[in-house]
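# here are the coordinates; sequence isn't available:
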């Protein structure tokens, strides 16, 4: 599990906020929604044993994480992406729980940083 203080590159996030101004809040809202929706879609794909869909969702979430300089979350998504075949056949291990934990830690870290 990652620590909240390690979840985000705050300098890079601050620069992004400076560039985007008021639109930064929309970006964060969209990110949070995409993470929640992505996790729900991942659960559905798991229930369907759809490894291609699991891989696609993990890839999309990875891109979103990288766009906000959240490398630990992106790395977790990459592990899920690589492990999609195992997840699809029920050998979930800790991959999905690690992803949930990483999403929670990242969202919490950004929310705490924003204040």
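Looks like it arrived, so ask away. Keep in mind that what you see is a predicted model, and the values were worked out from it rather than measured.
# give the other helices and strands that the helix or strand hosting residue 106 contacts.
In the assignment (DSSP states H and E), residue 106 maps to helix 95-114. Using 3 or more CB pairs under 8 Å, 6 or more residues apart in numbering; DSSP states H and E, the elements in contact with helix 95-114 are helix 10-20, helix 23-47, helix 51-67, helix 71-82, helix 84-88. In short, each C-beta sits where N, CA and C put it, glycine included.
# how much space separates residue 69 from residue 96?
Remark: distance between residue 69 and residue 96 (CB to CB, to the nearest Å) = 24 Å.
# repeat for residue 89
13 Å.
# residues contacting residue 51?
84-85, 87-89 (CB atoms under 8 Å, 6 or more residues apart in numbering).
# okay, and for this structure, where does confidence drop off?
For the chain, the stretches flagged by pLDDT under 70 are 1-5, 88, 90-93.
# what's near enough to touch the nearest residue to residue 83 once chain neighbours are set aside?
Leaving aside its chain neighbours, residue 83 sits nearest to residue 95 (5.0 Å; criterion: CB to CB, 6 or more residues apart in numbering). Counting by CB under 8 Å, 6+ apart, residue 95 touches 79-80, 83, 86-87.
# follow-up on the earlier one: tell me which of the helices and strands packed on helix 95-114 lies nearest to residue 113.
helix 10-20 (6.0 Å; CB to CB).
# coming back round to it: compute the inter-axis angle for the helix holding residue 106 and helix 10-20.
Interaxial angle, helix 95-114 versus helix 10-20 (axes from the mean of the first three to the mean of the last three CA atoms, to 10 degrees): 60 degrees.
# tell me the buried residues in helix 95-114?
95-96, 99, 102-107, 109-110, 113 (16 or more other CB atoms under 10 Å).
# closest one to residue 48 out of the residues you listed, please.
Checking the buried residues of helix 95-114 against residue 48 by CB to CB gives residue 96 as the nearest, at 14.3 Å.
# just to revisit the earlier point, just the buried residues of the contacts of residue 95.
Burial by neighbour count, 16+ other CB under 10 Å: within the contacts of residue 95 this picks out 80, 83, 87.
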